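>>> no sequence for this one, just the structure:
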């Protein structure tokens, strides 16, 4: 009987892995740091090459007839908007005698309401003197326009009141004429009409007096408003500091460049889909990360950094030497985006294994960078891949070095080694290409012993070890339990509750298979924590053994 264990459904991958995004953006720090530096330099250059024009400011006190303590600044904002009109600009240019167009002059000044009654006017010019003159002319034009509007409003109100008074005076004259003609009539009806005429005359007289008083008061507040609207701060040139302006513009450029760089790096990381974490690379390649190294520098580095690099290379070489010693077949180092590091690692590995016997390094990298590299005397022998393929296998231990970059001849990889260690630079290959590499190596029947990660992120705290091995099909041989009445005839009970005995062997996969060979007692159920367990059933020899 064969029982099949249903595979566990894979965990749903997040739409956007924040940790991977942060690591990818941090790895592109050269990009956003460069853009931030460019923004800083551009801001400073703009301040030096395009200095701000000479500027003058003046402050005007504006009195309003509708001033209220709870005003939210609507009136002063209206005055600032009126300042930006061609009428006031034209009056200022006319006072200056300048031939400029009012539409062009509007671009050279602005108004800002400081309080409900204070208006600040900022004007630019070709020089400080011209800017101050423009500010004075503009302020005077605004004050004159404001005063004119106040007077026109008061005159219009007074005129309306006086017109109403004159109309009522005409009505009063008609009433007086009617009263003068009343004595010619007699009777009760005439007496009532006379009383109504006297009442109407009294009302009209009162209203005429009121309209006259209001017309006189309409001009009473005008002098106060006119006197309250004035220039309280004379136009003066603004002293501009070049270092301060350059520092301000540079800071603004730095912030804008940094934000732009971070945005470009984040979008590029999402679009490129290049794994950078150890766990992602291990999962996509189907092999655990054995070691990690920094890239071989192309230029001289500091003594402290060189010491750390050598120590890391020594540890990685020791780990690979153990892996290669445990393999009876040739092993190859296949690089993806790190040919120099793979070549240096192959030479270090060959030097570590040279004590046990002759070692031959088969160079299958594009070009002749490994074969032409200068090596110390007594170092390992390096031959090209096509030369070794023609000679056939030898007695020395072979270490192949090849590439799995796009354009690789997959069928030639078996000549370098029937087992492989992938040397991958973090963030170089896309997810699709890592899947292609794993699939092609599986088609060529080249097991991957592990992955050496080049240039990992220092802040990466992921493991990079595969704990879940491939699912296996468990075959169990079913043993029918003895009948209860038969067991009772022998005075016993059915063993193990009617289930057959099992003995199991547990295997734990972490990049390579390591059978433990430890047997479990029968009748026990091992814990399943992400590991593959293979059960083997034992068939009883006799009924006595069943009992």
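On my side now, so go ahead. Computed from a predicted model, the values in this text were never measured in an experiment.
>>> wait, residue 114 sits on residue 80?
No - the criterion here is CB atoms under 8 Å, and residue 114 misses it with residue 80 at 10.3 Å. No exception for glycine: its C-beta is placed from N, CA and C like everyone else's.
>>> more crowded one of those two?
Neighbours were counted for residue 114 and for residue 80 using other CB atoms under 10 Å; residue 80 has more, 19 against 11.
>>> What pLDDT is listed against the more buried one?
For residue 80, the pLDDT comes out at 92.
>>> residues touching residue 257, list them.
Residue 257 makes contact with 35-40, 42, according to CB atoms under 8 Å, 6 or more residues apart in numbering.
>>> tell me which element it is part of?
Using DSSP states H and E, residue 257 maps to helix 242-272.
>>> what packs against the helix or strand just after that helix?
Counting by DSSP H and E, the element after helix 242-272 in chain order, helix or strand, is helix 278-285. If contacts are counted by 3 or more CB pairs under 8 Å, 6 or more residues apart in numbering; DSSP states H and E, helix 278-285 sits against strand 289-293, strand 419-425, helix 431-443, strand 448-454.
>>> what's the longest helix in the chain?
Determined from DSSP state H, the single longest helix within the chain is helix 128-180.
>>> quick one: average confidence on it?
Averaged across helix 128-180, pLDDT comes to 86.
>>> Tell me which other helices or strands it touches.
Where contact means 3+ CB pairs under 8 Å, 6+ apart, helix 128-180 is packed against strand 55-61, helix 74-83, helix 86-96, strand 109-113, strand 118-124, helix 188-218, helix 222-228, strand 230-237.
>>> Going by neighbour count, which residues of the second one are buried?
Residues of helix 74-83 classed as buried by neighbour count (16 or more other CB atoms under 10 Å): 75-76, 79-80, 82-83.
>>> same deal with the fourth one?
Residues of strand 109-113 classed as buried under the neighbour-count rule (16+ other CB under 10 Å) are 109, 111, 113.
>>> returning to what we had before: so which of the helices and strands packed on helix 278-285 gets nearest residue 173?
Residue 173 sits nearest to helix 431-443 of all these, at 102.2 Å, using CB to CB.
>>> angle of that closest one against strand 448-454?
Counting by axes from the mean of the first three to the mean of the last three CA atoms, to 10 degrees, helix 431-443 points 150 degrees away from the direction of strand 448-454.
>>> going forward can the numbers begin at 651, since that is how I track them
Sure, I'll start counting at 651 from here, so that last one is helix 1081-1093.
>>> how close does residue 785 sit to residue 676?
Distance, residue 785 to residue 676, by CB to CB, to the nearest Å: 51 Å.
>>> more neighbours, those two?
For residue 785 versus residue 676, neighbours defined as other CB under 10 Å are more numerous around residue 785 (26 against 16).
>>> tell me, how many neighbours does the closest residue to the more buried one other than its chain neighbours end up with?
Excluding the flanking residues, the one nearest residue 785 by CB to CB, 6 or more residues apart in numbering is residue 885, at 3.7 Å. Residue 885 sits with 21 neighbouring residues when counted by other CB under 10 Å.
>>> Need the three-state assignment for residue 701.
coil (DSSP: H, G, I helix; E, B strand; the rest coil).
>>> My guess is it contacts residue 892. True?
Yes - under the criterion of CB under 8 Å, residue 701 makes contact with residue 892 at 6.9 Å.
>>> Please enumerate the shared neighbours of those two.
Residues touching both residue 701 and residue 892 (CB under 8 Å, 6+ apart): none.
>>> okay, now the nearest residue to residue 762 once chain neighbours are set aside: neighbour count?
Using CB to CB, 6+ apart and skipping the chain neighbours, the partner closest in space to residue 762 is residue 770 (4.8 Å). Applying other CB under 10 Å, we find 16 residues neighbouring residue 770.
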